[in-house]
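**Q** Pasting a predicted model and its sequence here:
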Amino acid sequence: MITVIARINAKIGQEEELQNELKKMIPLTQNENGALMYILHVESDDKTKFVFIEKFSDINAWDFHLSTTHFKKFSENIQYLVDIAP
């Protein structure tokens, strides 16, 4: 089993738009073969911080997830919404 903790920070003022994009991924990912868990959390004290808790049956399921059209589109859609701090 593969467990992934994905932390994503929104740019100030982009929190709602980023959250909408993140939510779109949930049903798409949950329907993938080998996806066991895909849960989105928002930090209670900082609404710019999001965390996905992800579990996949094995590395092949994780690799498949990263190669899907919806993941690639998601990655493109959020590139201007996320804050990538050094």
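**A** On my side now, so go ahead.

**Q** quick one: terminal-to-terminal distance for stretch 41-50?
**A** Start-to-end span of stretch 41-50 (Cα to Cα, to the nearest Å) is 6 Å.

**Q** Make 18 the first number, not 1, from now on.
**A** OK, 18 is where the count begins now, so the last one is stretch 58-67.

**Q** Buried by neighbour count: which residues of that stretch qualify?
**A** Thr65, Lys66, Phe67 (16 or more other Cβ atoms under 10 Å). Placement of C-beta: from N, CA and C, glycine included.

**Q** Which of those residues fall within helices?
**A** Of the buried residues of stretch 58-67, none are assigned to helices by DSSP state H.

**Q** out of the residues you listed, which one sits closest to Ile19?
**A** Proximity of the buried residues of stretch 58-67 to Ile19 (Cβ to Cβ) peaks at Phe67, which lies at 19.8 Å.

**Q** Across the sheet, point out what pairs with the closest one.
**A** Counting by DSSP bridges, Phe67 is bridged to Ile25, Val59.

**Q** Looks like it contacts Glu33 (just checking).
**A** No: shown here, Phe67 and Glu33 do not form a contact pair, counting by Cβ atoms under 8 Å, at 11.6 Å.

**Q** In CSV: the buried residues of stretch 58-67, plus distance to Ile56 and pLDDT.
**A** Shown next, in CSV, are these (distance: Cβ to Cβ, whole Å; pLDDT from 0 to 100):
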residue, distance to Ile56, pLDDT
Thr65, 19, 96
Lys66, 15, 97
Phe67, 11, 97
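
**Q** and of those residues, the nearest to Lys41?
**A** Ranked by distance to Lys41 (Cβ to Cβ), the buried residues of stretch 58-67 are led by Phe67 at 13.1 Å.
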